[in-house]
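Novice: Okay, here's the prediction I keep looking at, along with the sequence it came from:
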Amino acid sequence: MRQSPTRIADYEPTAGRRRAATLAASGRQPGDPVRAAAAIAAVVDADEPPLRFLLGSDALAGARARLERTRAETDANEALTRSVDVP
C-alpha cells in the first residue's frame, strides 16, 4: 500500500493511528480479489441473481449479526407491533 510521506503532527492521534493500522493490515485481509471477481461474475450471469450478495466471511458474519439484532428487536416488540391491528 502506498501512502503520502507527509505527516501532520496534529493528526497523529487520529489519522496517524488509522494510517498505522491500515499499513499493518495491508496484505492480510481475508478476501481474495480474484475469487471475489469470479463470484461477482457468477452472480451477474445467474438466471436469478440474489437481491443481496455478500462477499467474504467477514461480510457474512456482519450480516448474520445484524439479522440476529433485528430478530431480537422484532421479538421484543411483537406484542406492541400486533396491538395496532384491528381486532
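Specialist: On my side now, so go ahead.
Novice: What about F53, how many residues nearby?
Specialist: 13 (other Cβ atoms under 10 Å). To be clear about C-beta, it is placed using only N, CA and C from the backbone, and glycine gets the same treatment.
Novice: Show the model's pLDDT score for it.
Specialist: Note for F53: predicted pLDDT of 96.
Novice: if I read this right, G16 contacts D10, doesn't it?
Specialist: No. Using Cβ atoms under 8 Å, G16 is not in contact with D10; the gap is 9.5 Å.
Novice: In which helix or strand does the spatially most central residue of the chain reside?
Specialist: Geometric centre of the chain, nearest residue: A59, 4.6 Å, by Cα atoms, centre = their mean. Per DSSP states H and E, A59 falls inside helix 57-76.
Novice: gap between A9 and A24?
Specialist: A9 sits 21 Å away from A24, going by Cβ to Cβ, to the nearest Å.
Novice: Need the distance between the two termini of stretch 70-87.
Specialist: 26 Å (Cα to Cα, to the nearest Å).
Novice: now that stretch, how far from the centre of its chain.
Specialist: Counting by Cα atoms, centre = their mean, to the nearest Å, stretch 70-87 is centred 28 Å from the centre of its parent chain.
Novice: Quick one: mean pLDDT for that stretch?
Specialist: pLDDT averaged over stretch 70-87 gives 98.
Novice: distance between the lowest-mean-pLDDT helix or strand in the chain and the chain's centre?
Specialist: In the chain, no helix or strand scores lower on mean pLDDT, DSSP states H and E than helix 17-25, which sits at a mean of 89. Put simply, helix 17-25 sits 18 Å off its chain's centre (Cα atoms, centre = their mean).
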